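**Student:** structure of the sequence below:
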Amino acid sequence: MAYTVLARRYRSQDFDSVVGQEAIARTLRNAIDTDRVAHAYLFCGTRGVGKTSMARIFAKALNGGGPEIDALIMQGKDTDVIEIDAASNTGVDNVRELIANAAYRPLRGRLKIYIIDEVHMLSNNAFNALLKTMEEPPEHVKFILCTTDAHKVPATIASRCQRFDFRNIPASQIAEHLRSVVKSEERTAEPELLHAVAKLGNGSMRDALSLLDRLMASGEKKLTVRLLEELLGLPDRELTGTLIDRIAEGDAGEALKAADALLVRGNSIDQMLDAIVERLRDLMVLAACGPETTLVDLSEEARAEEAARAKRFDAAGIVHMIALCENVQQAAKRSSAPRALLEALVVRLALTEKLADVTAVVTASKSVSGAQRAAEPAGAGAKKR
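**Tutor:** Here you go, the predicted structure:
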């Protein structure tokens with residue numbers, strides 16, 4: 001049998017199994033229970049957050065008629081729940097065919113439901129052709145429009161729909177779902193690996209599951225952060241921690257050695273700076289909010305480690321460090337000697353406290369001199385000259 005990817009095998013099958021969009025699932029279920037189902041819906045959100053899955057679940061709840069029909073609906077193959085990819089069916093002729101078929105009653109279910117994915121890709125003429133049917137559809141027809149670019153959907157169409165905005169799924173919820181998937185696949189994974197994959201998903205469950213699929217394809221029974229770093233060419237987390245420790249100690253020489261160790265592994269300067277900024281961000285939040293903050297998404301072990309590291313810095317100092325990293329990252333893209341800029345940055349970060357002390361001494365000295373001049377009697381300065 002052909003292999004089915006994790007993103008398809010573990011997609012939500014009913015309202016109760018939806019991850020990250022519970023409020024929308026609850027509202028749609030209540031609409032069915034109270035017989036307040038609209039004739040058209042607009043599902044908006046970035047890729048991989050559950051728009052199409054929710055559309056199928058909703059269609060199944062409206063039209064389901066047993067396990068066989070339910071399975072066909074969830075696979076997008078049911079005759080009464082018609083899925084259309086607007087990206088490849090953009091023309092007015094495609095919409096006219098849809099409208100013509102909408103006149104016929106469903107074959108098996110109560111309703112004929114049209115799920116139009118990436119609806120914003122339709123041409124203006126296609127939207128105009130769709131408008132009249134959406135305005136006064138046959139009583140047996142429902143529309144569910146899905147889009148990643150809601151602003152491209154004409155107001156005349158959007159105003160005839162009940163709109164639901166799908167949010168990016170929190171990394172903590174993605175990590176929890178990944179944990180159950182790993183268990184179901186009879187594998188084990190480091191807690192920090194699950195959190196790292198969840199964060200790399202950037203709010204998309206599908207992207208996170210696809211990355212997990214790549215890790216499992218390695219054949220390893222235990223999935224580790226090191227495996228992820230090797231697969232994606234990411235900077236070594238432990239080496240990055242060592243670099244930040246040397247910066248905290250003010251040891252510029254050892255900090256440069258740690259930076260070199262990261263470069264030797266084949267990491268680009270841009271990747272290194274991204275990794276440093278991400279770690280500094282976590283340290284800043286931990287320093288400002290305390291170790292129990294939910295604003296940092298780490299496993300318990302990594303949280304304890306980073307909380308201890310955060311005590312070596314103050315939040316204001318880390319803000320300055322992040323700004324320096326951002327400036328160098330922009331400059332390095334235009335420079336013919338990006339490594340020199342990186343190493344200058346590393347030394348600058350390691351010497352931040354010393355430079356801050358020098359600045360304080362100079363400022364204090366100027367303040368004292370100014371106060372002394374102000375305290376001198378009038379004309380005293382002229383006499384000295």
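
**Student:** low pLDDT regions in the chain?
**Tutor:** 1, 353-385 (pLDDT under 70).

**Student:** what does the host helix or strand of Arg303 contact?
**Tutor:** Here Arg303 sits within helix 300-310, counting by DSSP states H and E. Applying CB atoms under 8 Å, 6 or more residues apart in numbering, the external contacts of helix 300-310 come out as 191-192, 195, 241, 244-245, 248, 279, 282-284, 286-287, 291, 296, 298. Every residue, glycine included, has its C-beta placed from N, CA and C.

**Student:** and with 6 Å instead?
**Tutor:** By CB atoms under 6 Å, 6 or more residues apart in numbering, the residues outside helix 300-310 that reach it are Glu192, Asp282, Leu283, Leu286, Ala287, Pro291.

**Student:** keeping just the C-alphas, turn it into CSV.
**Tutor:** As requested, the backbone C-alpha atoms of helix 300-310 are provided in CSV (Å, rounded to 0.1, in the frame of the first residue of the first chain):
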residue,chain,number,x,y,z
GLU,A,300,10.7,21.8,31.4
GLU,A,301,14.4,20.9,31.2
ALA,A,302,15.2,23.6,28.7
ARG,A,303,13.2,26.2,30.6
ALA,A,304,15.1,25.5,33.8
GLU,A,305,18.4,25.8,31.8
GLU,A,306,17.4,29.1,30.1
ALA,A,307,16.0,30.6,33.3
ALA,A,308,19.4,30.0,35.0
ARG,A,309,21.1,31.6,32.0
ALA,A,310,18.7,34.6,32.0
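
**Student:** hmm, back to that, which two among the contacts of helix 300-310 are spaced furthest apart?
**Tutor:** Within these, Glu192 and Ala287 form the most distant pair, 20.6 Å apart (CB to CB).

**Student:** thinking again about what came up before, for the next helix or strand after the helix holding Arg303, packing partners?
**Tutor:** Sequence order places helix 315-332 as the next helix or strand after helix 300-310, per DSSP H and E. Counting contacts by 3 or more CB pairs under 6 Å, 6 or more residues apart in numbering; DSSP states H and E, helix 315-332 is packed against helix 269-289, helix 338-350.

**Student:** show me what counts as buried in the longest one.
**Tutor:** Buried residues in helix 269-289, counted by 16 or more other CB atoms under 10 Å: 269, 271-276, 279-280, 282-287.

**Student:** can you give me the angle that helix makes with helix 338-350?
**Tutor:** 20 degrees (axes from the mean of the first three to the mean of the last three CA atoms, to 10 degrees).

**Student:** can you give me the angle helix 269-289 makes with helix 315-332?
**Tutor:** Going by the same axes, to 10 degrees, helix 269-289 makes 160 degrees with helix 315-332.

**Student:** CA atoms only: put helix 269-289 into PDB for me.
**Tutor:** Provided in PDB are the C-alpha atoms of helix 269-289 (Å, rounded to 0.1, in the frame of the first residue of the first chain):
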ATOM      1  CA  ILE A 269      26.000  33.700   9.200                       C
ATOM      2  CA  ASP A 270      22.400  34.500   8.700                       C
ATOM      3  CA  GLN A 271      21.400  31.200  10.400                       C
ATOM      4  CA  MET A 272      23.700  31.900  13.300                       C
ATOM      5  CA  LEU A 273      22.300  35.400  13.900                       C
ATOM      6  CA  ASP A 274      18.800  34.100  13.700                       C
ATOM      7  CA  ALA A 275      19.600  31.400  16.300                       C
ATOM      8  CA  ILE A 276      21.300  33.900  18.600                       C
ATOM      9  CA  VAL A 277      18.400  36.400  18.400                       C
ATOM     10  CA  GLU A 278      15.900  33.700  19.100                       C
ATOM     11  CA  ARG A 279      17.800  32.600  22.200                       C
ATOM     12  CA  LEU A 280      18.300  36.200  23.400                       C
ATOM     13  CA  ARG A 281      14.600  36.800  22.900                       C
ATOM     14  CA  ASP A 282      13.800  33.900  25.200                       C
ATOM     15  CA  LEU A 283      16.300  35.100  27.800                       C
ATOM     16  CA  MET A 284      14.800  38.600  27.600                       C
ATOM     17  CA  VAL A 285      11.300  37.400  28.300                       C
ATOM     18  CA  LEU A 286      12.500  35.100  31.100                       C
ATOM     19  CA  ALA A 287      14.500  38.000  32.700                       C
ATOM     20  CA  ALA A 288      11.500  40.300  32.400                       C
ATOM     21  CA  CYS A 289       8.600  38.000  33.300                       C
END
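
**Student:** contacts for it?
**Tutor:** Contacts for helix 269-289 (CB under 6 Å, 6+ apart): 235, 240, 244, 262, 295-296, 306-307, 310, 313, 315, 318, 321-322, 325, 329, 332, 338, 342.

**Student:** I'd like to know which elements the helix or strand hosting Thr52 is packed against.
**Tutor:** Element membership for Thr52 (DSSP H and E) is helix 51-63. Judged by 3+ CB pairs under 6 Å, 6+ apart, the packing partners of helix 51-63 are helix 67-75, strand 141-147.

**Student:** mind doing that once more with 7 Å?
**Tutor:** On a contact count with 3 or more CB pairs under 7 Å, 6 or more residues apart in numbering; DSSP states H and E, helix 51-63 meets helix 22-33, strand 40-44, helix 67-75, strand 112-117, strand 141-147.

**Student:** wait, which of the ones you listed is closest to Glu185?
**Tutor:** Per CB to CB, nearest to Glu185 of those: helix 67-75, 20.3 Å.

**Student:** what angle separates that closest one from strand 112-117?
**Tutor:** Counting by the same axes, to 10 degrees, helix 67-75 points 30 degrees away from the direction of strand 112-117.

**Student:** contact partners of helix 67-75?
**Tutor:** If you take CB atoms under 7 Å, 6 or more residues apart in numbering as the criterion, helix 67-75 is touched by Gln13, Arg56, Ala59, Lys60, Asn63, Gly64, Asp78, Val81, Arg108.

**Student:** do that again at 10 Å, thanks
**Tutor:** Identification of contacts with helix 67-75 by CB atoms under 10 Å, 6 or more residues apart in numbering yields 8, 11-14, 53, 55-65, 77-81, 83, 108-109, 113, 115.

**Student:** fine by me, we can end here.
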